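Student: coords please:
(one chain, ligands or ions: 1)
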Amino acid sequence: MGRLAPSPTGVLHLGNARTFLLAWLSVRSRCGTLLLRIEDIDGPRIKAGATEQTIEDLRWLGLDWDGEVFVQSSRQVLYRAACQRLFDMKLAYPCVCSRKEVDEAASAPHESVVGVASDGPIYPGTCRGKFASLEDAKQQTGREASLRFRVDHDQIPFVDGFRGPQSGSIAGDFVVQKRDGGPAYQLAVVVDDAAQEVNEVLRADDLLPSTPRQLLLYRALGLPEPTFTHVPLVVGHDGLRLAKRHGDTSLRHFRNQGVSAATLLGYLAVLLGLRTKLTPTTAQELLAGFDLAKLSIDSVRGDDHALL
Ligand code: GLU
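Tutor: Numbering: from 1, shown residues only. This is a model prediction of the structure:
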């Protein structure tokens, strides 16, 4: 069982379309089941209408899924229960530090034990063991507390389906429940993948640093672990992650310019090294002979607008 897990934070662009196509090809080429989960818990970043638009864009591309669409915002009870379990097992503790305070502590010269990991500052453990409960933290400090997971490992090695063995460096205690009571991405994704029996996670490699944290949560909650495959991001001509400065690479833009789904899929197929020439195709046609191992490991450049 695989999944497509878009966050409705904007429109689908070439980069995430390519990742979803790969997730679809990987599962469907082995006749597996695929679900669609809308990851709409990232409050302020969620855009009105983006869920409907994402679903529309995936359908337009010819990517399908099985069963109902899962929506994370309607599953808060499950996330709360998982956080409560972690707290009861003393694996998560209340923390009142703001992001700014963590940043400052991590960059302070005298804090020799902390630092900055590839995906953010390392939490220096300020609130470890300080508060008996979320309420206690609120009473003592006047601040709402988040719950932070205790990390007592430096590394959680794992084998990535595309990149092979990974050292799985893990950078400090991380938040599982935000101060507003909502789940952090790391927690929600683990609870959902387990509940929805996902055993194959394929996503872009910007999430590679998250995997060791998620493995720790699977183990702490006694849940079966999926396999993880991280595929290179699509980058612009400057080697940086595809973004607005590279022009409009949204599927909507290409559609408005009269580009057909078949042409766009042909282009994605070239980006993936599945085809050498830009010829219109369908997702179904790309299934024949699909093999993840044939993809180029390098990040793919996707802003040359060969499509228009
Ligand atoms: N919703 C996440 C994103 O769009 C993906 C999460 C995942 O695949 O684990 O970046």
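Student: and the protein, which residues reach the ligand?
Tutor: In this structure, the chain approaches the ligand at residues 5, 6, 7, 39, 189, 203, 207, judged by CB under 6 Å from any ligand atom. Every residue, glycine included, has its C-beta placed from N, CA and C.
Student: In terms of helix, strand or coil, where does the closest residue to residue 89 other than its chain neighbours fall?
Tutor: Excluding the flanking residues, the one nearest residue 89 by CB to CB, 6 or more residues apart in numbering is residue 220, at 7.0 Å. Assigned state for residue 220: helix (three-state reduction, DSSP: H, G, I helix; E, B strand; the rest coil).
Student: what about residue 220, neighbour count?
Tutor: Burial of residue 220, expressed as a neighbour count using other CB atoms under 10 Å, amounts to 18.
Student: Pretty sure it sits against residue 151.
Tutor: No. In terms of CB atoms under 8 Å, residue 220 does not count as a neighbour of residue 151; the distance is 10.4 Å.
Student: Number of residues surrounding the residue nearest to residue 274 when sequence neighbours are not counted?
Tutor: Nearest residue to residue 274, sequence neighbours excluded (CB to CB, 6+ apart): residue 286, at 5.8 Å. Summarising burial for residue 286: neighbours were counted as other CB under 10 Å, giving 23.
Student: Any stretches of this protein with poor pLDDT?
Tutor: Within the chain, the set of residues satisfying pLDDT under 70 comprises 108-119, 296-300, 302-308.
Student: Tell me who's in contact with residue 228.
Tutor: 158, 160, 161, 201, 211 (CB atoms under 8 Å, 6 or more residues apart in numbering).
Student: Can you get me a residue count around the first one?
Tutor: Other residues near residue 158 come to 16 when the count uses other CB under 10 Å.
Student: How much space separates it from the ligand?
Tutor: Taking CB to the nearest ligand atom, to the nearest Å as the criterion, residue 158 is separated from the ligand by 14 Å.
Student: which residues does that residue bridge with?
Tutor: Assessed by DSSP bridges, residue 158 has beta-bridge partners residue 166.
Student: Kindly provide the distance from it to residue 205.
Tutor: Counting by CB to CB, to the nearest Å, the gap from residue 158 to residue 205 is 14 Å.
Student: Fine, thanks again, bye for now.
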